[in-house]
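got a predicted model here, sequence first, then my questions.
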Amino acid sequence: MRSVSDDFPVSTVLGYPRIGPDRELKHALEAYWDGRAGRDHLERVGRRLRADTWRRLAELGLDGLPSNTFSFYDQVLDTAMLVDAVPDRYRECADPYFAMARGVDGVAPLRMTKWFDTNYHYLVPEIGPRTRFRAVADKPLAEVREARELGHETRPVLVGPVTFLRLAQAAPGSPDGFTPVDRLDDLLDVYVRLLSLLAAEGVGWVQLDEPILVTDGGSPAVRHAYRRLAGHPRRPKLLVASYFGDIADALPALAVTSVEAVALDLTHGVPEDVELLRGRTVVAGVVSGREVWRTDLDRARALMAAAGATRVSSSCSLLHVPYSLRGEDILPGRLAFAEEKVAEIVALAALGPKAAPGAVDTGGTAVTGAGSRRRPDTGVTERSAYAVRAAAQRDLNLPTLPVTTIGSFPQTAEVRAARQAFAAGRSSREEYESLIEREIGRAVALQERLGIDVLVHGEPERNDMVQYFAEHLDGFAVTRNGWVQSYGSRCTRPPILHGDVRRPAPITVRWATYAQSLTGRPVKGMLTGPVTIVAWSFVRADRPLRDVTMQVADAVREEVRDLEAAGIRVIQVDEPALRELLPLRKGDQDEYLAWAVAAYRHATGGAGDATQIHTHLCYSNAADVSAAIDALDADVTSIESARSGTGVPGFGRGLGPGVYDIHSPRIPSRAEITARLQRALRTIPAERLWVNPDCGLKTRTYEQVEEALTNVVAAAGAVRASMEDPGHR
């Protein structure tokens with residue numbers, strides 16, 4: 001066993017935001033995808049962002065700088081490229097990397113889902129018995145050299161082999177019983193080669209990210225993998241990083257290997273068996289990479305001391321928080337974004353774990369919520385049985401296989417500019433709302449012309465499905481530039497839930513009723529569910545998450561009642577984050593699902609039988625929580641399915657498995673959609689099958705949407721006709 005490595009940096013981070021302080025990467029990516037800029041421009045932007053990150057981290061005083069944390073799309077996709085785990089169908093594409101991420105004509109992209117319990121999405125690798133692994137070390141080596149030319153020594157970061165395989169899925173055609181982890185030894189051959197190449201380059205340390213350690217069941221594979229990797233004689237020293245939870249029973253598996261350092265997420269407490277790591281460097285993740293509240297520095301030092309740690313880090317990559325508080329004026333003294341968190345890490349490292357309490361000040365105190373004076377209404381109003389509701393909803397006069405969309409329509413440059421002008425005071429409310437009405441009219445007219453059965457108003461007034469509601473609810477604050485990457489070029493500005501939540505006035509009624517006035521077909525009222533609003537916000541830590549969610553559910557319940565009173569007969573309350581907040585260990589999951597379902601049913605339980613309640617889930621392994629989805633008791637549930645093929649077996653109400661992957665620019669053909677509907681009819685009765693895209697259409701263009709929805713409606717009509725449905729239009 002190797003001893004503590006004194007050469008490991010005293011202060012470091014496990015990763016850093018990469019989209020750019022002003023979303024430079026987003027703009028470069030979209031210019032490249034649209035053909036407005038070449039690959040050379042994209043590469044230049046990437047080099048500049050990496051250089052700026054290393055320079056800024058060094059200026060802030062950080063001792064250890066990571067590299068290979070930058071990505072043009074996703075670090076798991078980068079790892080698939082690194083080990084050459086590229087499915088054959090992409091190898092002949094002009095750009096296999098982005099073909100896997102976004103698809104091309106005739107070739108669908110890889111499945112996409114959530115990275116553990118975060119709102120970050122990763123591309124799911126496909127690994128089969130015949131996957132050809134090969135070390136392609138260009139990216140990590142290139143970034144080491146790039147940083148050296150700028151005067152920085154860096155620590156390359158790789159997704160660990162066990163996490164990579166555990167997050168992968170079996171490639172199509174794999175035999176029954178095969179799992180990607182069966183290929184661990186073959187993949188380890190490649191990692192050994194990569195480590196040798198990095199050692200030959202003079203790299204002192206390599207970070208291997210293994211967040212799978214905080215879940216159930218990864219210990220045997222971890223023990224085997226790191227005995228082999230750490231036993232290789234020609235390698236850099238190894239830092240194994242675990243985060244998003246307590247390493248718990250996986251710690252002994254690492255303790256019997258010869259890895260030199262282990263990074264622990266101590267924001268969840270100190271592991272019981274931390275003494276097993278004595279003799280190694282423990283890197284203390286005491287500054288949260290998931291939250292935006294200032295760190296309680298005295299508690300952080302106490303955790304360091306209890307863990308026997310003298311090295312300080314973020315608990316995970318700072319990818320999950322915005323860049324900086326510069327230019328923000330919200331909740332002064334209470335927040336810390338990435339740069340401010342680095343300052344906290346540097347201050348803690350300079351002081352060490354044994355300093356007296358209160359010996360360091362980084363400009364504020366650790367304050368989260370503002371106290372609470374209001375208890376949520378936690379009662380659940382039970383709706384009538386589904387059969388009773390279905391009978392009451394028949395006068396909606398919907399055909400078999402009704403076609404709808406998930407909510408948003410394309411956000412045009414004109415709409416975004418008008419929203420910015422109104423927010424900046426450069427246009428009047430009347431001018432702005434007149435434009436929103438025109439855009440709603442455009443979306444409604446298009447849907448009527450295409451033959452959509454249940455319409456939406458298109459949500460042109462909304463910047464984001466969570467932020468929009470946060471701006472209209474008491475207890476939330478929103479940032480000017482607090483962007484966080486969700487996937488690829490997609491970024492969100494998570495609101496900050498800091499106090500008691502109240503709804504001072506109706507939020508969506510005006511636009512839903514305006515859209516309904518333009519058509520005789522039903523228009524859905526579109527709401528975001530309480531669990532998703534909480535999951536996609538930075539949430540106060542001084543109240544139980546259940547209570548905070550129930551307060552939001554109160555507000556959603558009031559909005560449902562007002563929509564219903566205004567004559568809106570179909571109301572969709574989306575919960576795409578239901579699976580996302582699921583605890584990573586099975587023993588904690590039942591309690592969470594119980595209160596999450598109760599919050600949703602509280603939000604929707606006041607609706608009458610004749611009001612059809614829809615919900616939507618996407619890109620989050622919905623099959624893992626199928627019983628909870630069923631328990632939501634929505635009349636209709638739409639789920640992402642086009643990429644993953646996900647279904648909800650045994651579901652007893654309306655179900656819309658998505659037939660159009662909106663995260664890819666490719667247009668699905670009528671034949672492709674027809675085949676998906678025919679497969680769905682094998683398990684879902686026709687009277688309960690809905691036809692819809694995977695998600696909202698905000699990120700697509702109107703041209704793409706019209707072509708794709710034309711095919712969706714035509715496919716639904718063809719399947720209806722084949723069933724000789726008298727309700728076919």
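Perfect, I can see it now. Numbers count the residues shown, from 1 in each chain.

run through the chain and note the low-pLDDT ranges.
1-5, 218, 353-381, 619-622, 642-650, 724-729 (pLDDT under 70).

and the residue most central in space within the chain, what does it touch?
Central residue of the chain (CA atoms, centre = their mean): residue 119, 2.2 Å from the mean position. By CB atoms under 8 Å, 6 or more residues apart in numbering, the contact list for residue 119 reads 484, 486, 492, 494, 535-536, 577, 580. Bear in mind the C-beta positions are built from the backbone N, C-alpha and C, glycine included.

quick one: which of those is nearest to residue 666?
residue 486 (20.3 Å; CB to CB).

quick revisit: for the contacts of residue 119, give me JSON lines that also has distance to residue 301.
Formatted as JSON lines, the contacts of residue 119 follow (distance: CB to CB, whole Å):
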{"residue": "484", "distance to residue 301": "28"}
{"residue": "486", "distance to residue 301": "34"}
{"residue": "492", "distance to residue 301": "33"}
{"residue": "494", "distance to residue 301": "28"}
{"residue": "535", "distance to residue 301": "30"}
{"residue": "536", "distance to residue 301": "32"}
{"residue": "577", "distance to residue 301": "34"}
{"residue": "580", "distance to residue 301": "32"}
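
thinking again about what came up before, does the residue nearest to the centre of the chain count as helix, strand or coil?
Secondary structure state of residue 119, per DSSP: H, G, I helix; E, B strand; the rest coil, is coil.

please apply the same query to residue 49.
Assigned with three-state DSSP, residue 49 falls in the helix class.

if we can go back for a sec, roughly how far does the residue nearest to the centre of the chain sit from residue 261?
29 Å (CB to CB, to the nearest Å).

now swap in residue 500 and tell me
Separation of residue 500 from residue 261 (CB to CB): 43 Å.

with residue 131 instead?
Using CB to CB, residue 131 is found at 31 Å from residue 261.

who's in contact with residue 469?
So residue 469 contacts 507, 527-528, 533, 555 (CB under 8 Å, 6+ apart).

can you tell me which of those are in helices?
When DSSP state H defines the helices, the subset of the contacts of residue 469 inside them is 533, 555.

hmm, which two among the contacts of residue 469 are most spread apart?
Top of the distance list for the contacts of residue 469 (CB to CB): 507 and 533, 11.7 Å.

more neighbours: which of the two?
Between residue 507 and residue 533, counting by other CB atoms under 10 Å, residue 533 is the more crowded of the two (30 against 21).

what sits against that one?
Shown in contact with residue 533 (CB under 8 Å, 6+ apart): 466, 469-470, 552, 556.

if we go to 10 Å?
Residues near residue 533 by CB atoms under 10 Å, 6 or more residues apart in numbering: 465-467, 469-470, 473, 476, 495, 497, 501, 527, 539, 548-549, 552-553, 555-556, 574-575, 577.

and it, how far is that from residue 603?
As judged by CB to CB, residue 533 and residue 603 stand 10 Å apart.

over to residue 432?
Per CB to CB, residue 432 is found 29 Å from residue 603.

so between those two, which is more surrounded?
Neighbour count, other CB under 10 Å: between residue 432 and residue 603, residue 603 has more, with 29 against 18.

list the contacts for that one?
So residue 603 contacts 380, 527, 529-531, 549-550, 552-560, 573, 575, 613, 632 (CB under 10 Å, 6+ apart).

in helices, which of the residues you listed fall?
Counted as lying in helices by DSSP H, out of the contacts of residue 603, are 530-531, 549-550, 552-560.

nearest to residue 242 among those?
Nearest to residue 242 among those: residue 531, at 26.3 Å, using CB to CB.

quick one on the thing from earlier: tell me which of the contacts of residue 533 fall in strands.
When the contacts of residue 533 are checked against strands (DSSP state E), the matches are 476, 497, 501, 527, 539, 574.

what about the last one, how many neighbours?
As a burial measure, residue 574 scores 25 neighbours (other CB under 10 Å).

give the contact list for it.
406-407, 465-466, 526-529, 531-533, 614-618, 638, 695-696.

repeat the analysis, applying 8 Å as the threshold.
By CB under 8 Å, 6+ apart, the neighbours of residue 574 are 406-407, 465, 526-529, 532, 615-617.

for the contacts of residue 469, which one is nearest residue 595?
Set against residue 595, the nearest of the contacts of residue 469 by CB to CB is residue 533 (14.8 Å).

tell me where the stretch 551-700 of the chain has strands.
With strands called from DSSP state E, counting those that start in this stretch, the stretch 551-700 of the chain shows them at 570-574, 612-617, 636-639, 654-657.

over to the stretch 101-250 of the chain?
112-114, 121-123, 126-127, 154-159, 169-170, 205-209, 237-241.

now the ones you listed as CSV including mean neighbour count and distance to residue 348?
Converted to CSV, the strands of the stretch 101-250 of the chain look like this (neighbours: other CB atoms under 10 Å; distance: least, CB to CB, whole Å):
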stretch, mean neighbour count, distance to residue 348
strand 112-114, 23, 30
strand 121-123, 23, 30
strand 126-127, 24, 40
strand 154-159, 24, 19
strand 169-170, 17, 40
strand 205-209, 24, 19
strand 237-241, 25, 18
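
could you dump those into TSV with distance to residue 397 added?
As requested, the strands of the stretch 101-250 of the chain are arranged in TSV below (distance: least, CB to CB, whole Å):
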stretch	distance to residue 397
strand 112-114	36
strand 121-123	38
strand 126-127	44
strand 154-159	52
strand 169-170	41
strand 205-209	54
strand 237-241	57
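
and those strands: which comes nearest residue 294?
Evaluated with CB to CB, the strands of the stretch 101-250 of the chain place strand 237-241 nearest to residue 294, the distance being 23.4 Å.

and the chain, what are its domains?
24-84+111-351, 389-466+506-722 (automatic domain parsing).

thinking again about what came up before, separate out the buried members of the contacts of residue 574.
The neighbour-count test (16 or more other CB atoms under 10 Å) applied to the contacts of residue 574 identifies 406-407, 465, 526-529, 532, 615-617 as buried.

residue 460 touches residue 434, doesn't it?
No: look at residue 460 against residue 434 with CB atoms under 8 Å: they stay out of range, at 11.8 Å.

so the two - more neighbours on which side?
residue 460 (25 against 13).

start and end of stretch 67-77, how far apart?
Stretch 67-77 has its terminal residues 16 Å apart, counting by CA to CA, to the nearest Å.

for that stretch, the distance to its chain's centre please.
15 Å (CA atoms, centre = their mean, to the nearest Å).

one more: stretch 338-346?
Going by CA atoms, centre = their mean, where stretch 338-346 is centred and where its chain is centred differ by 24 Å.

buried set for it?
Of the residues in stretch 338-346, 338-346 count as buried by neighbour count, 16+ other CB under 10 Å.

phi, psi of the closest residue to residue 55 other than its chain neighbours?
Once flanking residues are discounted, residue 55 sits nearest to residue 150: 7.2 Å by CB to CB, 6 or more residues apart in numbering. Dihedral angles of residue 150 (phi, psi; degrees, to the nearest 10) stand at phi -90, psi 0.

got it, and residue 523?
The phi/psi pair for residue 523 (degrees, to the nearest 10) is phi -110, psi 130.

off-centre distance for the host helix or strand of residue 65?
Per DSSP states H and E, residue 65 falls inside strand 65-67. Mean-position distance between strand 65-67 and its chain equals 23 Å (CA atoms, centre = their mean).
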